[in-house]
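>>> next comes the sequence, and after it the predicted model I'd like to discuss.
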Amino acid sequence: MERSDVRDAITAIVVAVIGGPVMWLLYRLDKRNTEQHGQSMAVIQEVKNDVKDVKGDMIDVKADVRDLKSDVRRLDAAAKPKVVRARKSA
């Protein structure tokens, strides 16, 4: 065996000894991140549903406000006394 072959073998062993635990740690972090991602997606979906509900409620409230405004105008028009002006004679 040549000296470079021995160095290459030692380098491969050192890389494996250091890289193995590092790869395991990255795997664990990635797995936890995937779980967090799933939880985040569930929260985002809940927020999305809540926003849809609020938008629907706002549409209902706007329609109610329009109806109330028209009712107030109608009631104001009915409550105003009609002024009859006398005609000027020529």
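Cool, the structure landed.
>>> now Lys69: how far from Ile13?
82 Å (CB to CB, to the nearest Å). Yep, even glycine has a C-beta here, placed from its N, CA and C like the rest.
>>> please apply the same query to Glu35.
Distance, Glu35 to Ile13, by CB to CB: 34 Å.
>>> if I look at Ile13, how far off is Pro21?
Distance from Ile13 to Pro21, by CB to CB: 14 Å.
>>> how about Arg87?
Taking CB to CB as the criterion, Arg87 is separated from Pro21 by 105 Å.
>>> look at these two and report which has more neighbours.
Of the pair Arg87 and Pro21, Pro21 is the one with more neighbours under other CB atoms under 10 Å, namely 9 against 6.
>>> distance from the helix or strand the more buried one falls within to the middle of the chain?
In this structure, Pro21 is located in helix 3-79 according to DSSP states H and E. Per CA atoms, centre = their mean, to the nearest Å, the displacement of helix 3-79 from the mean C-alpha position of its chain is 7 Å.
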